[in-house]
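> below is the structure, and that's it, no one-letter string:
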């Protein structure tokens, strides 16, 4: 039986009350209140209790410190009168006016000191009915937020350092080759009579061809590094997954035939389904995946391009019957400059992953040695811009 009900009954029968018992009972109530007060005041999180009209019913020590007022001043009065931060005033006013919903938000305050607070509001219910009273929990997450930001910064620096080291390694090799070939050419040109020797001319032609190849390789490394560091897609437009895949299939078919690879296509999407994306960026994603698949099948094989709807996403897949990958290789394929090919830059799949993530998508890899590889790309279905009539109806309902 709630204590308030007990007290009401006691007051109705005050003539028959044993006042000694009553005194003991009140002393026990005071002890419980003090114990609860001590418990709440020992919490690092702030606890603020408000009546239906915003009057302060309770505030522990942490709440007073974080919000910048004393309970002695605010008890029984509207809490908004004692807040000094406009953001807090607006937030709590909204919570008081809409006491029936649970709310969790973060707010930056400057008074009494610059802090980031996490504020959760819980409506107080009595026998499943909302009373209008609010219990507000306040947590200082400033240090946690700072640690998170510092961790992100360190991860970004580590990633940049890793990419820089890989880029330096990739550039150093062709530069060494260029240096060697240039020295050979200098030596050849010092002997003018040797230039009339057909074998010497052939050697010079070979050195020049190697220099040209290494310069092309350097250009490829730099271009892919720039793609890997690119941020958001440039032109986000509606894309028909079926048409996009059919267009890709027509484009890569000659290359597949030349490599002795049969090409199949599977489309299981509704005609009206669309995704939102940068067509050129997504095209490059799939060209990278097709290129990897063909290189994994040097003796020919079978390549399948497919797309299907999976709940509220479109799943594209590129499936080959190549050599497959070991579990160790699968763990490293998205690391910058990791490659198993002699002339690979190790940035192709980094670019693929970055581009997919920039489109709000995700990527899955399923592979086994000797059984081939399937790469699945998931993109959210585009539902179109919000219609004005829907917005107006929602506005009228509030």
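Okay, I see it. Keep in mind the model is a prediction, meaning the values are calculated, not measured.
> who touches the host helix or strand of residue 286?
If you go by DSSP states H and E, residue 286 is part of helix 279-295. Helix 279-295 is contacted by residues 227, 233-235, 237, 239, 244, 248, 252, 255-256, 259, 261, 303, 305, 316, 318, 320, 322, 341, 348-349, 351-352, 355-356, 358-359, 373, 375, 377 when judged by C-beta atoms under 8 Å, 6 or more residues apart in numbering. No exception for glycine: its C-beta is placed from N, CA and C like everyone else's.
> try it again at 7 Å.
233, 237, 239, 248, 252, 255-256, 259, 261, 303, 318, 320, 322, 341, 348, 351-352, 355-356, 375 (C-beta atoms under 7 Å, 6 or more residues apart in numbering).
> so residue 261 versus residue 249, what's the distance?
Separation of residue 261 from residue 249 (C-beta to C-beta, to the nearest Å) stands at 13 Å.
> quick revisit: buried set for the helix holding residue 286?
281-290, 292-295 (16 or more other C-beta atoms under 10 Å).
> equivalent analysis for stretch 307-326, please.
Quick answer for stretch 307-326 (16+ other C-beta under 10 Å): 307, 313-325.
> what mean pLDDT does it get?
Average pLDDT, stretch 307-326: 94.
> same check, this time on stretch 181-194
70.
> what's in contact with stretch 99-106?
Outside stretch 99-106, the residues touching it (C-beta under 7 Å, 6+ apart) are 52, 91, 95, 116-123, 130, 132, 134.
> are we agreed that residue 276 is in a strand?
Yes - under DSSP: H, G, I helix; E, B strand; the rest coil, residue 276 sits within a strand.
> specify the local secondary structure of residue 69.
Going by three-state DSSP: residue 69 is coil.
> need the contact list for it.
Residue 69 touches residue 82, counting by C-beta under 7 Å, 6+ apart.
> swap in 8 Å and give it another go.
Neighbours of residue 69 in contact, by C-beta under 8 Å, 6+ apart: 59, 79, 82-83.
> nearest to residue 67 among those?
Nearest to residue 67 among the contacts of residue 69: residue 83, at 6.3 Å, using C-beta to C-beta.
> pretty sure residue 133 contacts residue 124?
Yes - counting by C-beta atoms under 8 Å, a contact exists between residue 133 and residue 124, whose distance comes to 4.0 Å.
> check the contact lists of these two and give me the overlap.
What both residue 133 and residue 124 touch, as defined by C-beta under 8 Å, 6+ apart, is the set residue 49.
> my read is residue 209 is in a helix, agree?
Yes - residue state for residue 209 (three-state DSSP) corresponds to a helix.
> ok, it to residue 364 distance?
Taking C-beta to C-beta, one finds residue 209 at 41 Å from residue 364.
> ok, now which ones touch the closest residue in space to residue 140 that isn't next to it in sequence?
Among residues not flanking residue 140 along the chain, residue 115 sits closest, at 5.6 Å (C-beta to C-beta, 6 or more residues apart in numbering). Listed by C-beta under 8 Å, 6+ apart, the contact set of residue 115 reads 66, 108-109, 140, 142.
> out of the residues you listed, show me where the pLDDT dips lowest.
The weakest per-residue confidence within the contacts of residue 115 falls on residue 109 (80).
> please name the nearest non-neighbouring residue to that residue.
Spatial nearest neighbour of residue 109, excluding adjacent residues (C-beta to C-beta, 6+ apart): residue 85 at 4.5 Å.
> just the helices in the stretch 201-350 of the chain please.
241-258, 279-295, 327-332, 348-358 (DSSP state H, counting those that start in this stretch).
> end-to-end on stretch 352-369?
Distance across stretch 352-369, first residue to last, is 22 Å (C-alpha to C-alpha, to the nearest Å).
> for the buried residues of helix 279-295, give me TSV that also has pLDDT and distance to residue 30.
Listed next are the buried residues of helix 279-295 as TSV, based on pLDDT from 0 to 100; distance: C-beta to C-beta, whole Å:
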residue	pLDDT	distance to residue 30
281	83	70
282	90	70
283	89	75
284	83	74
285	89	70
286	93	74
287	89	77
288	86	74
289	93	73
290	93	78
292	89	75
293	93	77
294	94	82
295	91	81
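> can you report phi and psi for residue 259?
As for residue 259, its main-chain torsions (degrees, to the nearest 10) stand at phi -90, psi 0.
> tell me how the protein divides into domains.
3-142, 145-228, 237-380 (automatic domain parsing).
> could you look over the ones you listed and pick the most buried one?
Of all these, domain 237-380 carries the top mean neighbour count, a mean of 17, counting by mean count of other C-beta atoms under 10 Å.
> which one of the contacts of residue 69 is nearest residue 381?
Among those, and counting by C-beta to C-beta, the member closest to residue 381 is residue 83, at 44.0 Å.
> test my guess that the closest one contacts residue 92.
Yes - counting by C-beta under 8 Å, residue 83 touches residue 92, with 6.8 Å between them.
> quick check: which element contains the closest residue to residue 204 other than its chain neighbours?
Closest residue in space to residue 204, ignoring its immediate chain neighbours: residue 188 at 5.8 Å, by C-beta to C-beta, 6+ apart. Residue 188 belongs to helix 142-190 when assigned by DSSP H and E.
> ok, back up a step: check the domains of the chain for me: which has the lowest mean pLDDT.
If the domains of the chain are sorted by mean pLDDT, domain 145-228 sits at the bottom with a mean of 69.
> which secondary structure element contains the residue nearest to residue 83 when sequence neighbours are not counted?
Leaving aside its chain neighbours, residue 83 sits nearest to residue 89 (5.0 Å; criterion: C-beta to C-beta, 6+ apart). Residue 89 belongs to helix 86-97 when assigned by DSSP H and E.
> report all helices and strands that that helix contacts.
strand 103-109, strand 129-140 (3 or more C-beta pairs under 8 Å, 6 or more residues apart in numbering; DSSP states H and E).
> pairing partners for the first one, with directions?
The strands beside strand 103-109 in its sheet (DSSP bridges) come out as strand 115-126 (antiparallel).
> next: the longest one.
Each strand that strand 129-140 pairs with, and the sense of that pairing, follows from DSSP bridges: strand 46-50 (antiparallel), strand 115-126 (antiparallel).
> tell me what angle the first one forms with helix 86-97.
Same thing as strand 46-50. 50 degrees (axes from the mean of the first three to the mean of the last three C-alpha atoms, to 10 degrees).
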